[in-house]
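>>> predicted model and sequence follow; I will ask about them next.
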Amino acid sequence: MRFIGCKTLLLENIHDVIKRHVKEAHTFCDIFSGTGTVGRYFKQFYEVYSNDLLYFSYVLQQGTIGLDELPDFKELKKINIQDPIEYFNSCDKVNLETLPIDKRFFQNNYAPNGGRMYLNNENALRIDYARNKIEDWFKDNLITKEEYFYLLACIIEGIPFVSNISGTYGAYHKQWERRTYKKYEVVRLPLYTNSKNNKCYNEDGIELLKKIKGDILYIDPPYNERQYLPNYHVLETAAKYDNPKLKGITGQREYENQKSDFCSLKTALISFDTLLKNAQFKHIILSYSTDGLMPLSDIENIMKKYATLNSITIYKIPYRRYKSRQQINKDELKELLIYMEKKCI
């Protein structure tokens, strides 16, 4: 999934930092999980705690990190649905059209039928059909809570592949992009089984750290002033499917209670200090960027308050190494991985 600051191409670098500094660990916490990419990767090595304030992120976590085995959907099989993902992807237009108009939130709001162009009408209806079906199945006890989250994660994962956007949902294109002509499909997400007590949370990360503890804490906060929810509001609505009141041309949902303090220079450093203070983890790794709101010198000064002597190590990774595409020359821009060992907790 395309996501601001996604760390897919940085995973091995993060792992290298851990191997260099951590001799033994059992738990790994990704406190700002996003798409769950980091937590999914480290699930093969550790018991994972994953968290994000955005609900769609929580759904992706629950469906791939919290869930430890692929569901068998035994109750659906009793009504002759052997594979719900194949059921959705093979659904023909006749069945799609059986969905009542008043239950088509995506088609009525994010597609041309609703005056917007995030999705074409048929793909929006396919999403509506799948969302309504899993809600009905869950209410009728045909799927378990774990199966519900897995299917919901699979539904969300497929939306960006047919969305008429440049990468985020802050706005849609006025002309249809090539990807929008593809048929929307529910994505079958793979699972890694580690047989551990992995946990997923949908909370403010700073507050959550007062309640959990472990070995490795990975911190990947927002770097700039762009709040995440306005850029992913369509996915948030897909996850909640709560018929929100939408505002403006782009159909934004209310997000006042889901703003991150890391997106403001006035509050980012204070929040970072509080986060480290609350952290009950011995090994801490921060992902950041040299063009982030928090200056590197200030980051170091705050870390020194909580780190053991001489434990802070800064790794600067060239921008071109972890970005898959390069639009402008940014040779001076670096991705930062900063390790510290926290004083006795």
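Done, it's in.

>>> in the stretch 201-345 of the chain, which ranges drop under the pLDDT threshold?
256-257, 319-331, 345 (pLDDT under 70).

>>> all helices of the stretch 101-250 of the chain, in order?
Ranges of helices in the stretch 101-250 of the chain, per DSSP state H, counting those that start in this stretch, are 105-109, 121-139, 145-158, 205-208, 228-231, 233-240.

>>> ranking these by mean pLDDT, which is last?
Among those, helix 228-231 carries the lowest mean pLDDT, at a mean of 80.

>>> packing partners for that helix?
Here helix 228-231 touches no other helix or strand, going by 3 or more C-beta pairs under 8 Å, 6 or more residues apart in numbering; DSSP states H and E. The C-beta positions use only the backbone N, C-alpha and C, and glycine is treated the same way.

>>> related to what we said a few turns ago, any idea which of the helices of the stretch 101-250 of the chain gets closest to residue 217?
With distances scored as C-beta to C-beta, the stretch of those nearest to residue 217 is helix 205-208 (9.9 Å).

>>> buried ones in the closest one, by neighbour count?
Neighbour-count burial for helix 205-208, counted by 16 or more other C-beta atoms under 10 Å, picks out 205, 206, 208.

>>> closest to residue 10 out of those residues?
residue 205 (19.2 Å).

>>> surely that closest one touches residue 275?
Yes - here residue 205 reaches residue 275: they are 6.9 Å apart, a contact under C-beta atoms under 8 Å.

>>> okay, the helices of the stretch 101-250 of the chain in TSV with distance to residue 254 next?
Output for the helices of the stretch 101-250 of the chain, formatted as TSV (distance: least, C-beta to C-beta, whole Å):
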stretch	distance to residue 254
helix 105-109	14
helix 121-139	20
helix 145-158	20
helix 205-208	21
helix 228-231	9
helix 233-240	9
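
>>> out of those helices, which is closest to residue 71?
Between those, helix 145-158 lies closest to residue 71; by C-beta to C-beta that is 4.2 Å.

>>> how far is that closest one from where the chain is centred?
In terms of C-alpha atoms, centre = their mean, to the nearest Å, the centre of helix 145-158 is set 13 Å apart from its chain centre.

>>> what does that helix contact?
For helix 145-158, the external contacting residues (C-beta atoms under 8 Å, 6 or more residues apart in numbering) are 1, 56, 59-60, 62-64, 66-67, 70-71, 73, 84-85, 88, 127, 130-131, 134, 137-138, 143, 184-189, 235, 238-239.

>>> would you list the buried entries among those residues?
Among the contacts of helix 145-158, the ones that count as buried (16+ other C-beta under 10 Å) are 1, 56, 59-60, 62-64, 66-67, 71, 73, 84-85, 88, 127, 130-131, 134, 137-138, 143, 184-187, 189, 235, 238-239.

>>> quick one: low-confidence ranges for the stretch 1-150 of the chain?
Short version for the stretch 1-150 of the chain, where the test is pLDDT under 70: 1-6.

>>> mind doing that once more with 80?
The stretch 1-150 of the chain contains residues with pLDDT under 80 at 1-9.

>>> which residue ranges of it form strands?
Applying DSSP state E, counting those that start in this stretch to the stretch 1-150 of the chain gives strands spanning 27-30, 47-51.

>>> residue 114: which of those is closest?
strand 47-51 (33.0 Å).

>>> residue 308 - how many residues pack around it?
By other C-beta atoms under 10 Å, 12 other residues sit near residue 308.

>>> quick one: contacts for it?
340, 341, 342, 343.

>>> is the second one bridged to anything, and to what?
Beta-bridge pairing of residue 341, defined through DSSP bridges, involves residue 283.

>>> and residue 174, how far is that from residue 112?
The gap separating residue 174 from residue 112 is 12 Å, by C-beta to C-beta, to the nearest Å.

>>> what's the closest residue to residue 28 other than its chain neighbours sitting at in phi/psi?
Counting by C-beta to C-beta, 6 or more residues apart in numbering, residue 28 lies nearest to residue 46, which is 3.8 Å off, once chain neighbours are set aside. Note on residue 46: its backbone torsions stand at phi -140, psi 170 [degrees, to the nearest 10].
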